[in-house]
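Undergrad: Sequence first, then the predicted structure, then my questions.
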Amino acid sequence: MAQSTERERLIFMARSDLRVMILRPIGRVAAEDLIEQFFTSLSRVEQPWLYHRLVDVRRYEGHFSAEHVATVAKRWQTLRGRHASYAHVALVSPHRCDRWHEASPLPGFPNETLCRFTSYPHAFNWLTAADRHAYLAQITNAPADNGEKLRPSALSGDILLD
């Protein structure tokens, strides 16, 4: 595994009271290294399959292929074992796609839902909303989300940070 630099790293945070994990790969980190760093960080979280995940790839300059996603899915299934996981995953990307703000099944992760965003606050607020469907309807009907001054709930308390 290559050594990450200040510029190239995975930032990992977990908030147990909200059951949210945040992953922010930064720079040109090899996908294999990100996977290892992610699972090493998960070892410090009790019952990580109960957490929703926010993956912010806006500053990631590497390549994460379908094969890498399959590797993560297989390791995730091994980690959670027989425990059911009904988590939601918010993906924050700098580019909109055809499924922007549309929640859908997450291939390779049974019973989990993926939704894509261009705004970190929208992604975080969706993960922590009491009614995620209503929240998506609200932001989908709002003006474009880039440049808005929304703030996610403050991250404090028992944060794990790498």
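TA: Arrived safely.

Undergrad: So, low pLDDT: which residues of the chain?
TA: Low-confidence segments of the chain, defined by pLDDT under 70, span residues 1-6, 96-102, 142-162.

Undergrad: mind listing the helices for it?
TA: Here the chain has its helices, by DSSP state H, at 31-42, 66-80, 120-128, 132-140.

Undergrad: where do the strands sit along the chain?
TA: Secondary structure of the chain, counting by DSSP state E: strands at 9-15, 20-26, 52-56, 88-92, 104-105, 113-117.

Undergrad: Using TSV, lay out the ones you listed together with distance to Gly62 and mean neighbour count.
TA: For glycine as for every other residue, the C-beta is placed from the backbone atoms N, C-alpha and C. Formatted as TSV, the strands of the chain follow (distance: least, C-beta to C-beta, whole Å; neighbours: other C-beta atoms under 10 Å):
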stretch	distance to Gly62	mean neighbour count
strand 9-15	11	19
strand 20-26	7	23
strand 52-56	13	22
strand 88-92	15	21
strand 104-105	24	10
strand 113-117	19	20
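
Undergrad: Tell me which of these approaches Ile35 most closely.
TA: When those are compared by C-beta to C-beta, strand 9-15 sits nearest Ile35, at 9.5 Å.

Undergrad: Extract the CA atoms of that closest one and return them as CSV.
TA: The C-alpha coordinates for strand 9-15 follow below in CSV (Å, rounded to 0.1, in the frame of the first residue of the first chain):
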residue,chain,number,x,y,z
ARG,A,9,-5.6,11.0,1.7
LEU,A,10,-8.9,9.7,2.9
ILE,A,11,-10.7,11.7,5.5
PHE,A,12,-13.0,9.5,7.6
MET,A,13,-15.5,10.7,10.2
ALA,A,14,-18.2,8.9,12.1
ARG,A,15,-21.0,10.4,14.1
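
Undergrad: so how far is stretch 111-119 off the chain centroid?
TA: Stretch 111-119 has its C-alpha centroid displaced from the chain centroid by 8 Å (C-alpha atoms, centre = their mean, to the nearest Å).

Undergrad: re earlier: okay if I get the strands of the chain as TSV plus distance to Asp33?
TA: Output for the strands of the chain, formatted as TSV (distance: least, C-beta to C-beta, whole Å):
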stretch	distance to Asp33
strand 9-15	8
strand 20-26	9
strand 52-56	16
strand 88-92	19
strand 104-105	28
strand 113-117	23
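
Undergrad: can you tell me which of those strands comes nearest to Arg132?
TA: Arg132 lies closest to strand 88-92 among the strands of the chain, at 6.8 Å (C-beta to C-beta).

Undergrad: which residues sit in contact with His133?
TA: His133 sits next to Ala103 when contact means C-beta atoms under 8 Å, 6 or more residues apart in numbering.
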